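Q: Curious how this folds, go ahead:
(chains A, B, C and D)
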Number of protein chains: 2
Amino acid sequence: MSLENILLGMLVEPASGYDLKTEFSEGARHFWSAELSQIYPTLKRMEQRGWLCSEVASSAKGPPRRVYRRTADGRKQLLEWLRSGPRMGTERFAYLAQLCFMHELGDLERTLDFMIELRSRLADFLLLLKHAEAELTPAGEEFPESLSEADFHGYLGIRMGIHSLTAKVAWCDEALERIRERQSHKSSDQQQGRHDRGR
Amino acid sequence: MSLENILLGMLVEPASGYDLKTEFSEGARHFWSAELSQIYPTLKRMEQRGWLCSEVASSAKGPPRRVYRRTADGRKQLLEWLRSGPRMGTERFAYLAQLCFMHELGDLERTLDFMIELRSRLADFLLLLKHAEAELTPAGEEFPESLSEADFHGYLGIRMGIHSLTAKVAWCDEALERIRERQSHKSSDQQQGRHDRGR
DNA sequence: ATGACCATGTAATCCGTTACATGATTCG
DNA sequence: CGAATCATGTAACGGATTACATGGTCAT
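A: Alright, predicted model coming up:
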């Protein structure tokens, strides 16, 4: 399970389930997320397996916290996962499926609206990642040379998000252009009764 | 459920579960996939709900096929989904998680190897998509003007894959460069006993 | 005959989301 | 007093994968 390994990776410092969820939400972990209701049982299972150990610590405010830390076995498991080569998950894009079937609506205007909304959502997310990048990049350095090994790897990860989202926004713009071209062809076809527009 | 709507979208022509799985495998459907063992019960459930109807047709070779077609209700459901705005799934990238924690291995050379393998996998997939694009693009047209509405939407979808994968491959190259820079900094630090390399 | 492909399905298990349930502290 | 935040969990359901089970045709 990926989530198990990801939690192991996040547990450099001892942390509670709540802490880990907070880290997911902060967007630093833009490559994965999970709900508390999934995190708690997963941590419990990992402790039973001997990858984690936990102790209860009273908290300043609110109820006592169960704080987990990695065991030697847990670390061993993490390293194994890291050495196992890139895990290529089958990526799923429901919005792409929608786009591909959108011809069923029989109205290019709908496709246009869809792409405009999609672009806006993607652009919002891209901004988030750019903020994360700015926080990691020390002032005055074009490329981060002075980062710790851990931050350097995190930086590389954020760069992937930025590359990929920038490309998707550019794709939206390209698609919008093609759709508008097609719309204008259609209306001129109608007006002039043409069906071939070879040049 | 997305899969239900995707199957509805794919059922322009009547098809069996096996046919649909084949279409997934052919890479044309690069945005989603599903196993037969998920497809069969899903189709059955959709028929019970009245979105599909089926009849058994004997096959030239092999056992008889159960062929499904959309009902009016099924089409209604599809259109509703298409009109509901872009479904933004939380994307998960296990390989990115691996990269971000790879500092635990304490060996940049490992990170380098990882990125080289990742680049090769991504580049392979990019090639597949470029073939799919070439098949859709009529000879002599720079941009497809003469496609049917359905093919045009499919073309837009393939373009997204090409944009996004091209960006990811470029990211790999950038990351490889940064890693090599860092390696050379380190070795020169060692040789010359330096720790600051400000310029 | 052996393996590849056609074709359908069930069962067990796991992964993930949503909803529910509880209760303390702190700030306005 | 009420809302937000801290903090932990369970239950029910749905989504997805893997393994299992079956059997026919066709080409080598």
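Q: which SS state does A:P144 fall under?
A: Of the three states, A:P144 takes coil under DSSP: H, G, I helix; E, B strand; the rest coil.
Q: ok so A:T166 is a strand residue?
A: No. Counting by three-state DSSP, one finds A:T166 to be helix, located in no strand.
Q: Surely it is in contact with A:L126?
A: Yes. Counting by C-beta atoms under 8 Å, A:T166 does reach A:L126; the two are 6.4 Å apart. Using the backbone N, CA and C atoms, a C-beta is placed for each residue, glycine as well.
Q: avg pLDDT for stretch A:12-19?
A: What stretch A:12-19 shows for mean pLDDT is 95.
Q: And stretch A:180-189, by the same measure?
A: The pLDDT scores in stretch A:180-189 average 80.
Q: dump the residue contacts of the closest residue to A:A167 other than its chain neighbours.
A: Spatial nearest neighbour of A:A167, excluding adjacent residues (C-beta to C-beta, 6 or more residues apart in numbering or on different chains): B:A167 at 3.4 Å. Listed by C-beta atoms under 8 Å, 6 or more residues apart in numbering or on different chains, the contact partners of B:A167 are A:H163, A:S164, A:T166, A:A167.
Q: Would you mind pulling the contact partners of the helix or strand harbouring A:D19?
A: Assigned by DSSP states H and E, A:D19 belongs to helix A:17-25. With contact meaning C-beta under 8 Å, 6+ apart, helix A:17-25 is reached by A:7, A:10-11, A:15, A:29, A:32-36, A:39-40, A:43, A:65-66, A:68.
Q: Where does confidence bottom out across those residues?
A: A:R29 (75).
Q: sec struct for that one, please.
A: Assignment for A:R29 (three-state DSSP): coil.
Q: so how far is B:S37 from it?
A: 31 Å (C-beta to C-beta, to the nearest Å).
Q: Poorly predicted segments of chain A, please.
A: A:27-28, A:140, A:186-199 (pLDDT under 70).
Q: Can you pull up the residues of it that come close to DNA strand C?
A: A:M1, A:S2, A:L3, A:S33, A:A34, A:E35, A:S37, A:Q38, A:A60, A:K61, A:G62, A:P63 (C-beta under 7 Å from any atom of the strand).
Q: Check the contacts of B:A167 and tell me the two furthest apart.
A: Across the contacts of B:A167, the longest distance by C-beta to C-beta is 7.3 Å; it joins A:S164 and A:T166.
Q: Of these two, which one has the most company?
A: A:S164 (23 against 18; other C-beta atoms under 10 Å in any protein chain shown).
Q: Can you tell me how far that one is from chain B?
A: 5 Å (C-beta to the nearest C-beta, to the nearest Å).
Q: Equivalent analysis for A:L108, please.
A: Taken as C-beta to the nearest C-beta, the span from A:L108 to chain B is 8 Å.
Q: if I pick that residue, what's in contact with it?
A: Contacts of A:L108 (C-beta under 8 Å, 6+ apart): A:I179, A:R182, A:Q183, A:K186, B:E149.
Q: are any of those residues buried, and which?
A: Neighbour-count burial (16 or more other C-beta atoms under 10 Å in any protein chain shown) is assigned, among these, to A:I179, A:R182, B:E149.
Q: will you turn these into CSV that also has secondary structure?
A: What follows is those, written out as CSV (three-state DSSP):
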residue, secondary structure
A:I179, helix
A:R182, helix
B:E149, helix
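Q: Output the residues of chain A next to DNA strand C in CSV; the columns should cover secondary structure.
A: Shown next, in CSV, are the residues of chain A next to DNA strand C (three-state DSSP):
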residue, secondary structure
A:M1, coil
A:S2, helix
A:L3, helix
A:S33, coil
A:A34, coil
A:E35, coil
A:S37, helix
A:Q38, helix
A:A60, coil
A:K61, coil
A:G62, coil
A:P63, coil
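Q: Buried ones from those, can you make that a PyMOL selection?
A: Selection of the buried residues among those in PyMOL, burial being defined by 16+ other C-beta under 10 Å:
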select buried, chain A and resi 2+3+33+34
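Q: DNA strand D next: which of the residues of chain A next to DNA strand C are close?
A: Contacts with DNA strand D within these, counted by C-beta under 7 Å from any atom of the strand: A:S37, A:A60, A:K61, A:G62, A:P63.
Q: Mind picking the two most distant members of the residues you listed?
A: Within these, A:S37 and A:A60 form the most distant pair, 24.8 Å apart (C-beta to C-beta).
Q: Extract the C-alpha trace of whichever strand or helix holds A:M46 and format it as CSV.
A: A:M46 belongs to helix A:36-48 when assigned by DSSP H and E. Extracted C-alpha coordinates of helix A:36-48, given in CSV (Å, rounded to 0.1, in the frame of the first residue of the first chain):
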residue,chain,number,x,y,z
LEU,A,36,-8.3,11.0,9.0
SER,A,37,-10.7,8.1,8.9
GLN,A,38,-8.2,6.3,6.7
ILE,A,39,-5.1,7.4,8.5
TYR,A,40,-6.1,6.3,12.0
PRO,A,41,-6.8,2.6,11.2
THR,A,42,-3.7,2.5,8.9
LEU,A,43,-1.4,3.7,11.7
LYS,A,44,-2.9,1.2,14.0
ARG,A,45,-2.4,-1.6,11.5
MET,A,46,1.2,-0.5,11.0
GLU,A,47,1.9,-0.6,14.7
GLN,A,48,0.5,-4.1,15.0
